[in-house]
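Visitor: based on what follows, work out the 3D shape:
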Amino acid sequence: MSSSGDDWLTDSSDQELGHLSADQDDLPDLEDQDGNIQPPQGSQPRTWDDPWTKFKCENESKIRQVVFDKTLVANIKASVSTSSSMDPLKANYSFLHGKSHKDVHSSIRSVEAGFDILRRVAEVEEALVGKILSYCSTATMYSMRLVSRLWWDLATTWFMERETQLVNNWTEGVPSQEEFLCQDLVSAVAVDDFSVVVGLEDGKVCVFSRLTGQCELLWVAHGGLVMDMQVTIRVILSCGREVGRVHVRGRDTGRHLGSVRPPFKTDLKPDDAFCFLLVKHGFLFAMGVDKDVWIWAVKEQEEMEFNSGPDFNIQFRLKGHYSTVLCCDMDKQGHIMTGSHDAQVRLWNLGPDLRDRTNRVACHNQHGNPVTAVQLLWPLGVSASSGSVRLYYHPTGACLRTFRFSAYVYDLHMDSMHFVTSHQDGSVNFWSLSACLADSMVVTKGSLHQGRLVVKPPLSDQNVWGNQFVARQGKFVKERSCLVTMHEKKVIIHDYWARRGTRGEGEGGLLRDCDTPSSLPSLVSDVSEDEEWGEADPVLRAGLFL
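Guide: Residues are numbered from 1 along each chain as shown. Alright, predicted model coming up:
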């Protein structure tokens, strides 16, 4: 299927209906009093020769039930806003007790000064304090809670409760940048309030301070490439080329505290290594070996010393995909969304404790290539595969919107403000999540697009297919006010809170007016590299070409 501006060709399976003849005017009305279509009495249920046509028609009906129900859309927006409203100022409570790396290994203790100028100013002119804090970096806002209770309240008032200002910064602002230089090519990154943890292709791990920009820790963690990393309150988890093993190290000194390995029943191959880790809501997910997702319960004790790690208790494994699982996400309600090399997206509903086995597993087969990224924000979910991104409404299994790009999609992230995609043309694009729920079956990309940040040079198609280094470099981390990207031997934090200015009219334009030429995503573009950006907005249709 191809497009030109807002005009779409019909599917080859669609057939035009002939005009009614004169003797057909007295056909019975098939609508009841509520407007629902009712089959005539004695008729047989409609049969489908083409399963794909059946899916498209059923999916279109599901979409109409969602987007045209104003009450349901309002409930979805409220649920999404509640699910993503985690306070980053409370995400790392260990630092509230002064147990940072410097505090453990230094006799110097930072104390509140006798004369606090910010406190005095806040007593006289609080709005002036808010103006001052708008020029502070995100890391500075995070660290304010360590000074005093008053500074904690100021950070909450002038940072957490400024949702409108932050949304404007994302859509109109030019972010400030902070670079962290590394010794070798970057392969993985994980961040929290105060640290940037970087995994390198030579097996080393660097821990940078977000406040000073200095490298505080450096150690050799693996014998080869660092595949993925996660940071918890007290430990750093990483996986490399070691066969089926996740290493656990203390985040204060980098000391090796142990390793986690599933109880495999068969011998593993030398290249059977975990490629994706996720620590969320008290569980550790590891995938990349065979076709399964291994799950451990992570127990953190508040009084646990820093030289000991948490307890990892194996729970079970998710088995159902036909190929290697590449990504997953989870929410507090126990919904787990997985994407695999088999081009499937599966939704597992296991309950908050992940022990409910009564619910069936939902499966989406609309992608035509391996699913490289998924994000769950109940009741919505989003997935990326090659040149397409799909938005789902999970309670009914409807695929609400399908985005098609001529540029490869590396990664995505979704929160209540928007969802973000990174592409092979070196750009990171921001899309309105609420606009995707507009009461229309056809929406334009222009109505959804909220901004565009070019972070690196573009790549041609031949440099993308099968290039694992490019795929790793295309990953990013999205925080409430920051975007963390990888650039060969450095990591850059784009801070939208302390922005440098306002984006000009020519910056952050829309994507090219083109889409993939068939119903399956492809990297073969139907637009030449020299073509200028189109003026018309590419159209997104729901339920017609899913």
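Visitor: where does the chain have low pLDDT?
Guide: Low-confidence segments of the chain (pLDDT under 70): 1-49, 84-119, 148, 265, 301-307, 504-546.
Visitor: let's see 50
Guide: The chain contains residues with pLDDT under 50 at 1-31, 35-37, 43, 89, 91-115, 509-546.
Visitor: which stretches of it form helices?
Guide: Assigned helices in the chain, in chain order: 51-67, 70-83, 101-104, 117-124, 126-133, 138-143, 149-155, 163-172, 445-448, 468-473 (criterion: DSSP state H).
Visitor: would JSON lines of those helices with distance to Glu179 and mean neighbour count be doable?
Guide: For the C-beta atoms, the positions are set from N, CA and C on the backbone; glycine is no exception. Listed next are the helices of the chain as JSON lines, based on distance: least, Cβ to Cβ, whole Å; neighbours: other Cβ atoms under 10 Å:
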{"stretch": "helix 51-67", "distance to Glu179": "43", "mean neighbour count": "16"}
{"stretch": "helix 70-83", "distance to Glu179": "33", "mean neighbour count": "14"}
{"stretch": "helix 101-104", "distance to Glu179": "21", "mean neighbour count": "16"}
{"stretch": "helix 117-124", "distance to Glu179": "28", "mean neighbour count": "13"}
{"stretch": "helix 126-133", "distance to Glu179": "23", "mean neighbour count": "14"}
{"stretch": "helix 138-143", "distance to Glu179": "14", "mean neighbour count": "21"}
{"stretch": "helix 149-155", "distance to Glu179": "25", "mean neighbour count": "17"}
{"stretch": "helix 163-172", "distance to Glu179": "20", "mean neighbour count": "16"}
{"stretch": "helix 445-448", "distance to Glu179": "31", "mean neighbour count": "18"}
{"stretch": "helix 468-473", "distance to Glu179": "15", "mean neighbour count": "16"}
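Visitor: of all these, which one is nearest Phe430?
Guide: Closest approach to Phe430 among these (Cβ to Cβ): helix 163-172, 6.1 Å.
Visitor: got a list of contacts for that closest one?
Guide: 134, 175, 417-418, 430, 450-451, 480-481, 496-497, 499, 502-503 (Cβ atoms under 8 Å, 6 or more residues apart in numbering).
Visitor: and stretch 211-223, by the same measure?
Guide: 101-102, 139-140, 143, 178, 180, 183, 194-195, 199, 203-209, 238, 240-242, 247, 249, 253-254.
Visitor: got CSV for the helices of the chain, with distance to Ser406 too?
Guide: Shown next, in CSV, are these (distance: least, Cβ to Cβ, whole Å):
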stretch, distance to Ser406
helix 51-67, 23
helix 70-83, 29
helix 101-104, 46
helix 117-124, 50
helix 126-133, 42
helix 138-143, 34
helix 149-155, 43
helix 163-172, 24
helix 445-448, 13
helix 468-473, 16
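Visitor: contact partners for the nearest residue to Cys327 once chain neighbours are set aside?
Guide: Distances taken as Cβ to Cβ, 6 or more residues apart in numbering put Gly339 closest to Cys327, at 4.6 Å, once the chain neighbours are dropped. Gly339 is in contact with Val325, Leu326, Cys327, Cys328, Val345, Pro370, Val371, Thr372, Ala373, Val374, Ser383, Ser385, counting by Cβ under 8 Å, 6+ apart.
Visitor: of the residues you listed, grab the buried ones for ChimeraX.
Guide: Buried members of the contacts of Gly339, defined by 16 or more other Cβ atoms under 10 Å, are picked up in ChimeraX with:
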select :325,326,327,328,345,370,371,372,373,374,383,385
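Visitor: nearest to Gly351 among the contacts of Gly339?
Guide: Cys328 (16.6 Å).
Visitor: sorry, back to before: just the buried members of the contacts of stretch 211-223?
Guide: 101, 139-140, 143, 178, 180, 194-195, 199, 203-209, 238, 240-242, 247, 249, 254.
Visitor: so who does the residue nearest the centre of the chain touch?
Guide: The centroid of the chain falls nearest to His413 when counting by Cα atoms, centre = their mean (2.1 Å). Neighbouring residues of His413 by Cβ under 8 Å, 6+ apart: Gln375, Phe419, Val420, Phe476, Val477, Lys478.
Visitor: and stretch 473-493, how far from the chain's centre?
Guide: Centroid separation for stretch 473-493 versus its chain: 13 Å, with Cα atoms, centre = their mean, to the nearest Å.
Visitor: list the buried residues of it.
Guide: Applying a neighbour-count criterion of 16+ other Cβ under 10 Å, one finds 473-486, 491-493 buried in stretch 473-493.
Visitor: CA atoms only: put that stretch into PDB for me.
Guide: The C-alpha trace of stretch 473-493 is given here as PDB (Å, rounded to 0.1, in the frame of the first residue of the first chain):
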ATOM      1  CA  GLN A 473      23.700   3.200  19.700                       C
ATOM      2  CA  GLY A 474      20.100   4.000  18.800                       C
ATOM      3  CA  LYS A 475      18.800   3.200  22.200                       C
ATOM      4  CA  PHE A 476      18.100   6.000  24.600                       C
ATOM      5  CA  VAL A 477      16.800   6.700  28.200                       C
ATOM      6  CA  LYS A 478      13.900   9.000  28.800                       C
ATOM      7  CA  GLU A 479      13.400  10.700  32.200                       C
ATOM      8  CA  ARG A 480      10.800  13.300  33.200                       C
ATOM      9  CA  SER A 481      12.900  16.200  32.000                       C
ATOM     10  CA  CYS A 482      16.000  14.600  30.400                       C
ATOM     11  CA  LEU A 483      16.900  12.500  27.400                       C
ATOM     12  CA  VAL A 484      20.100  10.300  27.500                       C
ATOM     13  CA  THR A 485      21.600   9.300  24.200                       C
ATOM     14  CA  MET A 486      24.700   7.300  23.200                       C
ATOM     15  CA  HIS A 487      27.300   8.700  20.800                       C
ATOM     16  CA  GLU A 488      30.100   6.200  20.100                       C
ATOM     17  CA  LYS A 489      32.600   7.000  23.000                       C
ATOM     18  CA  LYS A 490      30.400   9.400  24.900                       C
ATOM     19  CA  VAL A 491      27.000   9.800  26.600                       C
ATOM     20  CA  ILE A 492      25.000  13.000  26.300                       C
ATOM     21  CA  ILE A 493      22.200  14.200  28.600                       C
END
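Visitor: what is the residue nearest to the centre of the chain paired to in the beta sheet?
Guide: Residues in a beta bridge with His413, per DSSP bridges, are Val420.
Visitor: ok, now Leu453?
Guide: Going by DSSP bridges, Leu453 forms beta bridges with Val428.
Visitor: quick check: it touching Pro175?
Guide: Yes. Using Cβ atoms under 8 Å, Leu453 is in contact with Pro175, at 7.2 Å.
Visitor: which neighbours do those two share?
Guide: Leu483, His494.
Visitor: now Gly203. Its backbone dihedrals?
Guide: Torsion angles at Gly203 (phi, psi; degrees, to the nearest 10) stand at phi 90, psi 0.
Visitor: do I have it right that it meets Met227?
Guide: No. Gly203 lies out of contact with Met227 (Cβ under 8 Å); the separation is 10.5 Å.
Visitor: mutual contacts of those two, please.
Guide: Gly240.
Visitor: save the contacts of Gly339 as CSV, and put in distance to Val442 too.
Guide: Listed next are the contacts of Gly339 as CSV, based on distance: Cβ to Cβ, whole Å:
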residue, distance to Val442
Val325, 34
Leu326, 31
Cys327, 30
Cys328, 32
Val345, 24
Pro370, 29
Val371, 26
Thr372, 27
Ala373, 26
Val374, 26
Ser383, 22
Ser385, 23
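Visitor: and which of the contacts of Gly339 is nearest Leu128?
Guide: Nearest to Leu128 among the contacts of Gly339: Ala373, at 42.5 Å, using Cβ to Cβ.
Visitor: what sits against that closest one?
Guide: Applying Cβ under 8 Å, 6+ apart, the residues near Ala373 are Cys327, Gly339, Ser383, Ala384, Val409, Tyr410, Asp411, Leu412.
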